[in-house]
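> Got a sequence here, can you build the structure:
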Amino acid sequence: MAAVNVAKGSGGNVNLKGRSPGMEVWSRLRSSPIAVLSMSVVGALVLIGIFADIIVPYEQALTLGAGDRLLPPGSPGHLLGTDNLGRDMFARIIHGTRIALIIGLTSATITVVIATLLACVCAMFGGWVDNVIMRLTDILRCVPSIAIALIIVASLGGGIPQLIIALIFSALPMHINMIRSRALGIVNMEYMESAVALGGRRFYIIVRHMIPNLISIIIVNGTAQISMSIMIGATLGFIGLGVSPPTPEWGTMLAEGLRFMLRNQYMVVVPGLVLAGSALFFNTLGDCLRDAFDPQLKGKS
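Numbers count the residues shown, from 1 in each chain. Next up, the predicted model:
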């Protein structure tokens, strides 16, 4: 048990210097301006996604305006202008944020959960179980993740559920390998060997002892996967294999605006900046979390 130093201030307040690992991570995050900025932006994106309907009605993102086509940003009633069909760009960006977060958060969460369970099974059971799972993983790793996503979406069709399935399968191999490498180090620790010697069931040991010690890499991988899922989802939408129109989605908006790039650059610049900024800050947050969980890795790739 960590020693706790108690000191009383002038007001009789108690200062507890002994802190939990979670508090240590939070302290490191708060001390980094980049981490604070990243958390603020990511938090703002999440709030926009949750309260999108309150910020602007969804119908406004779909309403066509024949007389309001290609209005520039700052036009009356249209903060970010309108697209080639007269739809409000601000409303489409706001509701596109919700779509991007649904795709990114859902696919990343499912991916990391499945990858964690399979990686722990590989490390705990070893032998033929490990060989079978890892050989299947190696087969998938031979194909680029974007190609796997393209094949699945082309087979299943467009739509948010199909896109999420494609993103899960395209990202699984990488996360299984990364989490398995950490799990192999944990499974050989003395307390793990003691738990096995005492007759603990392996799945109970995985849930009770192994997964809690993998929480740092799970969080970091999950954050990075959100960024990757948002980017790949937008890429598939850009080439017409993502979310079906007229659903507001950043990749689809980029594809629509590309035809008017020379005349109305904002149709590409606005969704492009939002997409790039979202991916950047999610990635940056993942890097900051990695450094906070393990300060010895700070500055290393």
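> Quick check: bridge partners of residue 88?
residue 82 (DSSP bridges).
> Give me the neighbour count for it.
Neighbour count for residue 88, taken as other Cβ atoms under 10 Å: 26. For glycine as for every other residue, the C-beta is placed from the backbone atoms N, C-alpha and C.
> mind checking how far it is from residue 75?
Per Cβ to Cβ, to the nearest Å, residue 88 is found 10 Å from residue 75.
> repeat for residue 65
Distance from residue 65 to residue 75, by Cβ to Cβ: 11 Å.
> Which neighbours do the two have in common?
Listed as contacting both residue 65 and residue 75 by Cβ atoms under 8 Å, 6 or more residues apart in numbering are residue 82.
> Distance-wise, check the residue nearest to residue 275 when sequence neighbours are not counted relative to residue 229.
Leaving aside its sequence neighbours, residue 275 sits nearest to residue 250 (Cβ to Cβ, 6 or more residues apart in numbering; 4.6 Å). From residue 250 over to residue 229 the distance is 12 Å, taken as Cβ to Cβ.
> Check residue 114 too.
Relative to residue 229, residue 114 is positioned 14 Å away (Cβ to Cβ).
> what's the answer for residue 109, then?
10 Å.
> Of the two, which one has the most company?
Ranked by neighbour count (other Cβ under 10 Å), residue 109 and residue 229 place residue 229 first, with 30 against 15.
> Please state the offset of the strand or helix carrying that one from the chain centre?
Taking DSSP states H and E as the definition, one finds residue 229 inside helix 215-238. Taking Cα atoms, centre = their mean, to the nearest Å, one finds the center of helix 215-238 at 4 Å from the center of the full chain.
> pLDDT (mean, whole number) over that helix?
For helix 215-238, mean pLDDT rounds to 92.
> contacts for the helix or strand just after that helix?
Following helix 215-238 in sequence order, the next helix or strand is helix 250-258 (DSSP H and E). The contact list for helix 250-258 (Cβ under 8 Å, 6+ apart) reads 83-84, 92-93, 96, 99-100, 233-240, 242-243, 245, 264, 266-268, 271-272, 274-275.
> Check which element follows helix 250-258 along the chain.
Once helix 250-258 ends, the next helix or strand along the chain (criterion: DSSP H and E) is helix 266-293.
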